[in-house]
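Participant: Below: sequence and its predicted model.
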Amino acid sequence: MIKMDGVDSVEADSLVAQLLEEPSTASRLESLSDDTARIVVEQLKQEADRYWGINANHSLELAAAIIHIGQARRDVGQTALGIMARGDALKLLGRTTEAWQALDEAGQLFLTADDDVGWARTRIGRLRICVDLNRVHEALADAERAQVIFAQHGEQEKQLRLELNLAIVYDLLGEHTQALALFQLALAHAVSLGTIGTPHLGALYTSIGLAYRALGNFHEAALHHEKARTFFIERNQPSAVATTELNLAHTAMAQGRYRHALKLLHHAHGLRVTEQLMRDAAQISCDIVECYLLLNRYSEARELAQQLIEIHRMFHSTYLEAINLLHLATAEAESGNLPAAQSALDAAEPIFSSLGATSWVKTTHLRRGRIALQQGDINDALSWARSTAAHYLATGQDVQYATAMLLQGQAAFASHDLEGAEAAAIVALGIAQRCNVPPLRYASHLLLGRSAEVRGTIRSAIRRYHAAAATVDRVQRSLTITLRPGFLEDKGEALHALLMLYLHNGQVASAWEALERAKGQVLLGYLANREQLRWASDEADSRALVEELNQLRAEHQSFYHIAHAEPDLVTGALPALSAEQALAEVKARELRMRAITEQLYLRGGDADDQRHRPVPALLDIQHCLDDDTLLIEFYHDGGTFWAWTLDRQRLSVHCLPVLAETLRSLLAQLEVNLAAALRLGPDAPAVLPLALAARRIAQRLYHLLFQPLADHLQGRRRLVIVPYGPLHYLPFHLLHTGVAYLAEQYEIVILPAAALLSRRVPQRSGGARVLVHSHHGRLPQTLIEGQSVQRIFGGEIYHDEAANRRALEAAPSQILHIAAHGEHRLDNPDLSYIELADGQLYTDDLLQQDMSYELVTLSACETGRARVALSDELIGLGRGFLYAGAGALIVSLWQIVDARVVVFMEQLYSALYEGASKAAALRSVQSGLLAAEPDLHPAFWGAFQLIGDAGPLSGTSPS
């Protein structure tokens, strides 16, 4: 029971402690004496303020307690104090309109009580939300009046808080130089106040860091954010710590550390959602959109920006609405939707103008200049670039100034003004190097390289292109497997330009090494840092995400079967759904599954701990080749196809007489032909004409791709082929010389990069791990196939229900053989799968295991297919096994006829057991099938392809 009267200061402290635990009892305190009430209310207000950085909802509860006390005692001043505290808490909870109204109401009550200082205090909080609510002019006018009042009454601590919030307004408006000066004055003021000013140091460090970041001084920004983080940790303010980490994420993003930035952003977003601070969560999502734009994930950025625009309209947060409109404009422009981009800018600019946010208005102009350049309107692009550059130079916004100068240089280059282009690019590059802004460094080097190339100063151009490519390399090393392909999509121009210069100047080896450096460093980076691909199993948050992911996968599989007319495969009770409804459920779960796996990869290792494995030099690769082996590496520069031929003695390059349109047409014809043959079956009369047609297509492809290399093919036993671009989709062993298929004449090995030749392949004790799953009885031959493998090599066999993910958790043996249903998802290659007893096995699952078998054979439909990213990285199941350590893969390129596969595999493994190399064993079986049935369509003998190590299994020797 709370005492009501006769309370001294000690008992007041006790009363406050009880109120902190039970704020709702405040209305019962109407009989408190004035002195006791004053002590109680002051302490409650102090606690409410302290909880700003801990739990704003509790701060709101304490504000309600103060209001109850004031109203119960009919004390206008105390009621006003409580309403002011309520406004401050609502502000932190993102309820800005309510906060503004509460602070205004409190101010009026203070004036009624003849309390000018109280009124002035309400104007401190309104500064923090005036930009969001587009009431800047009103807030600044009130702040000027409040400053005078605080000075008159000697309220230095309150004046300090006003100074801090006033500087924040200018920072939000883009007046960063003015804001920084105000922050530094406020910091000096805080230090001079001693213990009174100390509680504000964390906010000041944070704000100074933000201003430095906006001005491009990322070193000082990070330094001040770390000071703020230390300050808040020492004072046990987790919410403030999370905000500081969010600011560190912004700095990381600006410096190209996108993985670290996204990791911090997702963590901060999760905290805000947990605390039900949905407006704050939406603001962090805005930062995630910005990071997506930098990673070229334009579709996701556009979708999220559109959602956030609606959310901020609901919150009446016009400032953040305009920021997201800017992001939307960028996403639309980079996706080629220029009218939509202009519409977004047209919506954003009036908002910034009404706020008086001149720098943000200039940012919209800079975006308009970029669009003008895309449209070929060079004069407009130059005009926008010059006007924005002048503003950013005058306001000290270095990075934005460099961005405007880069646009000016690009427009000048487009108008053939090389001197203007170079002068602007040098300015941009200097700032980019000083501030460490990788996108600016890359684009500036690229522009200088182009200009040098036009001038004919080839050495300078090569140096610039090489520097641009090196910038990309440094950034991509720290990215996760989910982020890297998208980031690299538009970063190939410098590499392609470098290759063309080398080729046109006869520097054949330099051109090849440049290509291999780009391809090999990605592949070797994955192999050298396999643990970085593992999800953290020792973190509660990661375990919770994995649990959610498994639930989503189970639901996804059931809906997937319904969507694809396989209701008999559905497990568990589901509502009756049409195929269209089920497909919508599938897509919803796939979006969430991708979001979860991305977060798991972000959590799965420290990017700073990555090992860098240098790409082997030309001589190193030559030492890996036998005398009778020829390596053929292809390249497509956008117009011409090239092929390097490499053996132990020499390297040559060949310009191939094939157009991209011709190649795509032939590949499409071959794919249609193979599909038609598979539908008919090997014994159908109509298959023979298809086989003849397939041979004609294969002969045409051979003539275009291999005939120019004929002199280098003579006397070879093995061809190691490194495809590029659309050639990744070509089954090379099916090409026909006019006399025989390549598979009859050569051992064929496919590599994603020549650098893989230098890798030390795993060596394991003998035996096979065999997983066979009949796809609910639809693939009855899988068990017979698996038993034949086990009979030859021994080991364990896991059949149907035993063929699950757990079977892959054991230490690798020599061979892993999986015979099951599989599917390559053309629409979403990351979700290509092999179906096991406990669900679909994805690439993500493989990367969590040790797959360092000497040989992995995937006798499942389409497991060898992949999508080729613009960076030439392959996305599909095969890469998962390679990145997880497999020495070699034998994979299927299309659906397989079961009865023939059993014979095929028995002959393949018998040859391997007798000591044949993997390449020789595969060739032996395929050529043997053709020898037995010379007219057999290639669909029925050529489904399998070898990727990786071509040598024999360890412990075997030729018989």
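Facilitator: Sure, I can see it. Numbering: from 1, shown residues only.
Participant: give me the element residue 622 is part of.
Facilitator: Assigning secondary structure by DSSP states H and E places residue 622 in helix 618-623.
Participant: And for residue 738, the neighbour number?
Facilitator: Residue 738 sits with 10 neighbouring residues when counted by other CB atoms under 10 Å. (Each C-beta comes from the backbone N, C-alpha and C, glycine too.)
Participant: Please read the previous query as pertaining to residue 227.
Facilitator: Residue crowding around residue 227 was assessed by other CB under 10 Å; the count is 18.
Participant: so what does the one helix or strand it maps to touch, helix or strand wise?
Facilitator: Counting by DSSP H and E, the element that carries residue 227 is helix 218-234. Helices and strands touching helix 218-234, by 3 or more CB pairs under 8 Å, 6 or more residues apart in numbering; DSSP states H and E, are helix 201-214, helix 238-254.
Participant: May I have the first one exported as CSV, CA atoms only?
Facilitator: Spelled out, it's helix 201-214. The C-alpha trace of helix 201-214 is given here as CSV (Å, rounded to 0.1, in the frame of the first residue of the first chain):
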residue,chain,number,x,y,z
LEU,A,201,28.2,13.2,-25.2
GLY,A,202,26.9,10.0,-26.8
ALA,A,203,24.3,11.8,-28.9
LEU,A,204,26.9,14.4,-29.9
TYR,A,205,29.5,11.8,-31.0
THR,A,206,26.8,10.1,-33.0
SER,A,207,25.7,13.3,-34.7
ILE,A,208,29.2,14.5,-35.5
GLY,A,209,29.9,11.0,-37.0
LEU,A,210,26.8,11.4,-39.2
ALA,A,211,27.9,14.8,-40.4
TYR,A,212,31.4,13.6,-41.2
ARG,A,213,29.9,10.7,-43.2
ALA,A,214,27.7,13.0,-45.2
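Participant: distance between that helix and the chain's centre?
Facilitator: On the basis of CA atoms, centre = their mean, to the nearest Å, helix 201-214 sits 27 Å off its chain's mean C-alpha point.
Participant: Now do it: everything it contacts.
Facilitator: Applying CB atoms under 8 Å, 6 or more residues apart in numbering, the external contacts of helix 201-214 come out as 53, 164, 167-168, 171, 174, 176, 179-180, 183-184, 186-187, 190-191, 218, 220-225, 227-228, 231-232, 235, 237, 240, 243-244, 247, 250-251, 254, 397.
Participant: Now the buried members of the residues you listed.
Facilitator: The neighbour-count criterion (16 or more other CB atoms under 10 Å) marks 53, 164, 167-168, 171, 174, 176, 179-180, 183, 186-187, 190, 218, 220-225, 227-228, 231-232, 237, 240, 243-244, 247, 250-251, 254, 397 among those as buried.
Participant: and the residue nearest to residue 531 when sequence neighbours are not counted, what pLDDT?
Facilitator: Taking CB to CB, 6 or more residues apart in numbering, and ignoring the residues beside it in sequence, residue 531 has residue 605 as its nearest neighbour in space, at 6.2 Å. In the prediction, the pLDDT value recorded for residue 605 is 70.
Participant: Surely residue 605 touches residue 534?
Facilitator: Yes - counting by CB atoms under 8 Å, residue 605 touches residue 534, with 7.1 Å between them.
Participant: Compare these two (neighbour count), which wins?
Facilitator: A count of neighbours by other CB under 10 Å puts residue 605 above the other of residue 605 and residue 534, at 19 against 16.
Participant: Would you enumerate the residues in contact with the more buried one?
Facilitator: When contacts are counted by CB under 8 Å, 6+ apart, residue 605 touches 529, 531, 532, 533, 534, 536.
Participant: ok so it is a strand residue?
Facilitator: No - secondary structure assignment (DSSP: H, G, I helix; E, B strand; the rest coil) places residue 605 in coil, not in a strand.
Participant: Tell me the buried residues in the helix holding residue 622?
Facilitator: When burial is assessed from 16+ other CB under 10 Å, helix 618-623 yields the following buried residues: 618, 621, 622.
Participant: Can you lay out those residues as TSV showing pLDDT and distance to residue 887?
Facilitator: TSV is the format used below for the buried residues of helix 618-623 (pLDDT from 0 to 100; distance: CB to CB, whole Å):
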residue	pLDDT	distance to residue 887
618	95	24
621	96	18
622	96	21
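Participant: which outside residues touch stretch 268-286?
Facilitator: Outside stretch 268-286, the residues within contact range by CB under 8 Å, 6+ apart are 55-57, 92-96, 239, 242-243, 245-246, 249, 265, 288, 304-305, 307-308, 311-312, 315, 317, 320, 323-324, 327, 541.
Participant: Buried only: go through those residues for me.
Facilitator: Buried positions within the contacts of stretch 268-286, assessed by neighbour count (16+ other CB under 10 Å), are 55-56, 92-96, 239, 242-243, 245-246, 249, 265, 288, 304-305, 308, 311-312, 315, 317, 320, 323-324, 327.
Participant: just checking, which of these belong to helices?
Facilitator: Cross-referencing the buried ones among the contacts of stretch 268-286 against helices under DSSP state H gives 56, 92, 96, 239, 242-243, 245-246, 249, 265, 288, 304-305, 308, 311-312, 320, 323-324, 327.
Participant: shaky segments in this structure?
Facilitator: For the chain, applying pLDDT under 70 flags the ranges 1-32, 53, 567-575, 606-609, 864, 866, 868-872, 897-898, 957-959.
Participant: Please go through it and pick out the longest strand.
Facilitator: Longest strand in the chain by number of residues, with DSSP state E as the criterion: strand 629-636.
Participant: Show me what that strand is packed against.
Facilitator: Checking 3+ CB pairs under 8 Å, 6+ apart, strand 629-636 ends up next to helix 508-528, strand 641-646, strand 718-722.
Participant: Taking strand 641-646 as reference, get the angle to that strand.
Facilitator: Between strand 629-636 and strand 641-646, the angle comes out at 160 degrees (axes from the mean of the first three to the mean of the last three CA atoms, to 10 degrees).
Participant: what helix or strand is residue 840 on?
Facilitator: In this structure, residue 840 is located in strand 839-841 according to DSSP H and E.
Participant: following that strand, which helix or strand shows up next?
Facilitator: Next along the chain from strand 839-841, counting by DSSP H and E, comes helix 843-847.
Participant: Just give me how far the helix or strand just after that following helix sits from the chain centre.
Facilitator: Elements were assigned by DSSP H and E; along the chain past helix 843-847, the next helix or strand is strand 855-860. Once both centres are worked out by CA atoms, centre = their mean, strand 855-860 turns out to sit 30 Å from its chain's centre.
Participant: In the sheet, which strands lie alongside strand 855-860, parallel or antiparallel?
Facilitator: Sheet pairing of strand 855-860 (DSSP bridges) gives strand 815-820 (parallel), strand 888-892 (parallel).
Participant: Of the ones you listed, which stretch is the most buried?
Facilitator: Comparing the strands paired with strand 855-860 by mean neighbour count (mean count of other CB atoms under 10 Å), strand 815-820 ranks first with a mean of 26.
Participant: could you pull out the helices for the stretch 451-600 of the chain?
Facilitator: Using DSSP state H, counting those that start in this stretch, the helices assigned to the stretch 451-600 of the chain run over residues 458-476, 484-488, 493-504, 508-528, 540-563, 579-603.
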